[in-house]
Every structure is written in C-alpha cells, then in structure tokens.
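Enquirer: Kindly generate the corresponding structure for this input.
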Amino acid sequence: MLSLNLPSCGIKIAERNGKSLVFDALRRRYVALTPEEWVRQHFVGFLTEYKGYPKGLLANEVQLSLNGTKKRCDTVLYNKDLSAKLIVEYKAPHVEITQAVFDQITRYNMVLRVDYLIVSNGISHYCCHIDYSTGQYAFLPEIPAYTELI
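Expert: Here you go, the predicted structure:
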C-alpha cells in the first residue's frame, strides 16, 4: 500500500482466502484492505494515538438516512451524550479532494449537524469548524486535538 502523510501506527494486516485484510480496532474485526480502508485505519490511528480521541467515542461506517436513502459516514466522533460531534470522510490516496467530496460530507451533515468536518485522502487533510450561531465556517490549519473539541 501507498505511503501516507500520517504518522505510523499499529496496523494489523492478515491474508485470508488470498485476500488482504486489515484489523479495524473500532469495529473489532478484520475488513477488506482497500486503498480507502488503508487511509481510514491510519487516520483513526492518528486520531486516537496522536490526537487523543477516545476509541469509545469513535465509530466507523455509521449508517444514516438521507432523503429516504441509506448512507454511511466513514467515521463519526460522538460527544459523551452520544450526539455526533465530528464527521470524517476518507478517499483513496489517488483520489483528489474536490468540491464534490465536500458536498458529500455536507449532505451527511444535514442529518448529523456536527461542529467539525474532516476530509482526507491520506495525503491531504482538511478540517472545517462550523459555527451554527453565525452561519459561518472556517478551515483550521491542522486537525485539532480531542481536548480542543470539548
């Protein structure tokens, strides 16, 4: 797999029936090792090991209903009251982060109304803070530590 613009973390890879799998610590099982999953596992490791995000408040592949269709958020961070706080959308390293990617995560946010949106392809990472009281948003210079979110 490709080298990413993220610090190394303990990624567990296995082979089963000729297919590569990666262990997802949040779902507590092995999943297919795709380029997007490679990014997800590294980014979750970055959030938990380097930014202090509690594993118990993070979830991968969170299903939601949007305009009558089922969608899945790649990763969601919850507050202690289990309301959503942050959404992360991943793309494979070769996929450019475009307006369409931001449109996708914004649609998910129409349902969850989180304070932070993050988009990453493992090479480039963007974090946006939304202030609902003013209707403004701002891109942050880096991914905030968990303590900065609470």
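Enquirer: quick one: the helices in the chain?
Expert: Using DSSP state H, the helices of the chain run over 35-45, 99-112, 146-149.
Enquirer: of those, which approaches residue 12 most closely?
Expert: Residue 12 lies closest, by CB to CB, to one member of the helices of the chain: helix 35-45, at 8.9 Å. Using the backbone N, CA and C atoms, a C-beta is placed for each residue, glycine as well.
Enquirer: State the mean pLDDT of the closest one.
Expert: Computed over helix 35-45, the mean pLDDT rounds to 98.
Enquirer: quick one on the thing from earlier: export the helices of the chain as TSV, with columns for distance to residue 139 and mean neighbour count.
Expert: Shown next, in TSV, are the helices of the chain (distance: least, CB to CB, whole Å; neighbours: other CB atoms under 10 Å):
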stretch	distance to residue 139	mean neighbour count
helix 35-45	17	22
helix 99-112	10	15
helix 146-149	15	14
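Enquirer: which strand residues sit across from residue 59 in the sheet?
Expert: Beta bridges link residue 59 to residue 76 when assigned by DSSP bridges.
Enquirer: tell me the pLDDT at it?
Expert: For residue 59, the model assigns a pLDDT of 98.
Enquirer: ok, now which ones touch it?
Expert: Residue 59 sits next to 26, 75, 76, 78 when contact means CB atoms under 8 Å, 6 or more residues apart in numbering.
Enquirer: if I read this right, the third one contacts residue 112, doesn't it?
Expert: What that stands for is residue 76. Yes: with contact defined as CB atoms under 8 Å, residue 76 and residue 112 form a contacting pair (7.1 Å).
Enquirer: From start to finish, how long is stretch 72-91 in a straight line?
Expert: End-to-end distance for stretch 72-91: 13 Å, by CA to CA, to the nearest Å.
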